[in-house]
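1. Take a look and give me a structure for this.
(one chain, ligands or ions: 1)
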Amino acid sequence: MLNSKLCQLLNIKYPILQGGMAWVATAELAAAVSNAGGLGLIGAGHMPPDALKAEIIKAKSLTDKPFGVNIMLMSPFVKEVMQVVIDERVAVVTTGAGNPGEYIPALKAIGTKVIPVVASVALAKRLERVGIDAIIAEGMESGGHVGEVTTMTLVPLVADAVSVPVIAAGGIGDARGVVAALALGAQGVQIGTLFAASVECTAHPNYKAAIVKAKERSTVVNGVSTGHPVRVIANKLTREFAELEKRGATIEELDQLGVGKLRAAVRDGDVDYGSVMVGQIAGMITQIRPVNEIMQDIVQNIPKVITELTRKI
Ligand code: TUI
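-> Reported below is the predicted structural model:
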């Protein structure tokens, strides 16, 4: 049942992708997810090309399974990191926070599978015409850079609008979420926050503890007024941001406040004055578990969820 077309396309056992979270999704996490039968991704974030190359080489040493790289299109190094994934023949590239159209031909030319993340039907339709292999429809429940439409609304609309496989993202934290995504027309899912809360994730223990502590209402979306909306755990930083916004600060001042704050939260563990990007599903996560246990828990519970569903109807 889990052997979808998407699994064949990506050469993976389960149609479960790990979100390519900047600073969080390192080679260790990506390799652990790929070894567990999903598709692990390295989050390139704002990484310079040399750092990404080292991370890819490390991932290759940790797994013989396919893995991917997520390229954040707002990165100042976007062109150089695209060249690195081409040179390293990375199997899959996902993109976020923009339109990857101009990079698609070069990636396709070497057989890399291209899977953009979209937050709207319009962009999904535009990208289908330039030859993408699949598409990730990401709802606003997600952590980090978000759009304005929920997963529940976005996934069926994108599934109706395109003929490539759709991967649902945002708010998925267990087998129920996976079955719901499949019911909405997705062929697979992308999971971020739950994999961030894993043993293999190299993020600071404070960041992982913040996920475990979070309730479903612990996050807010900051930055709507600057055009860079991000979902983060409410803390001293988000309160200062809101205060600056109320006082009519400029976009530059507001953007300046965020500089280096994701790194501060994820690598240095500053969860009070860092940008603690997590999805709303953090409210469901109560412990840090090994990646393989997380994966098996999801996969093994899917038949139970479906049986229960059939009984209800
Ligand atoms: O990219 C993400 N999530 C991210 S990226 C990130 S790194 C960051 N660091 C500091 C400040 C801000 C971000 C953290 N989280 N998710 C994929 C995603 N892409 N979500 C939404 C979109 C998106 C939004 C608008 C994709 C395309 C788009 O429009 C482009 C267009 O031209 O229409």
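2. what number of residues lie near the single nearest residue of the stretch 101-250 of the chain relative to the ligand?
-> Distance from the ligand to each residue of the stretch 101-250 of the chain (C-beta to the nearest ligand atom) is smallest for Gly144, at 2.2 Å. The way it works is simple: take the backbone N, C-alpha and C, and place the C-beta from them, glycine included. A total of 25 residues lie near Gly144 under the criterion other C-beta atoms under 10 Å.
3. Which pLDDT value does the model give it?
-> What the model reports for Gly144 is a pLDDT of 98.
4. Give me the phi and psi for it.
-> Here the main-chain torsion angles of Gly144 (degrees, to the nearest 10) amount to phi 70, psi -150.
5. so what's the nearest residue to it once chain neighbours are set aside bridging to?
-> Nearest non-adjacent residue to Gly144, counting by C-beta to C-beta, 6 or more residues apart in numbering: Met277, 4.1 Å away. With DSSP bridges applied, Met277 shows beta-bridge pairing to Val232.
6. thought Met277 was touching Pro229?
-> No: because the distance of 11.4 Å does not satisfy C-beta atoms under 8 Å, Met277 is recorded as not touching Pro229.
7. For those two, indicate the residue with more neighbours.
-> The residue with more neighbours, out of Met277 and Pro229, is Met277; 27 against 17, by other C-beta under 10 Å.
8. how near is that one to the ligand?
-> Using C-beta to the nearest ligand atom, to the nearest Å, one obtains 6 Å as the distance from Met277 to the ligand.
9. Run through the residues that contact that residue.
-> Met277 makes contacts with 21, 143-144, 230-232, 262, 265, as judged by C-beta atoms under 8 Å, 6 or more residues apart in numbering.
10. do Gln300 as well
-> By C-beta under 8 Å, 6+ apart, the contact set of Gln300 is Ala175.
11. in the helix or strand harbouring it, what counts as buried?
-> Assigned by DSSP states H and E, Gln300 belongs to helix 291-312. Neighbour-count burial for helix 291-312 flags 291-292, 294-295, 298-299, 301-302, 305 (criterion: 16 or more other C-beta atoms under 10 Å).
12. buried ones in stretch 276-291?
-> Neighbour-count burial for stretch 276-291, counted by 16+ other C-beta under 10 Å, picks out 276-285, 288-289, 291.
13. now stretch 56-68
-> By neighbour count, with 16+ other C-beta under 10 Å as the criterion, the buried positions of stretch 56-68 are 56, 59, 62-63, 65, 67-68.
14. ok, now stretch 265-274?
-> Going by neighbour count (16+ other C-beta under 10 Å), the buried part of stretch 265-274 is 265-266, 269-271, 274.
15. Ok, stretch 128-139 next?
-> 128, 130, 132-139.
16. so Tyr103 sits right up against Met82, yeah?
-> Yes: distance between Tyr103 and Met82: 5.2 Å, which falls inside the contact criterion (C-beta under 8 Å).
17. Find residues that contact each of those two.
-> Here Tyr103 and Met82 share the contacting residues Ile71, scored by C-beta under 8 Å, 6+ apart.
18. what about the stretch 151-300 of the chain, any weak spots by pLDDT?
-> Segments of the stretch 151-300 of the chain classed as low confidence (criterion: pLDDT under 70) are not present in this model.
19. Can you tell me which residues in it are near the ligand?
-> Within the stretch 151-300 of the chain, the positions near the ligand by C-beta under 6 Å from any ligand atom are 228, 230, 258, 262, 277.
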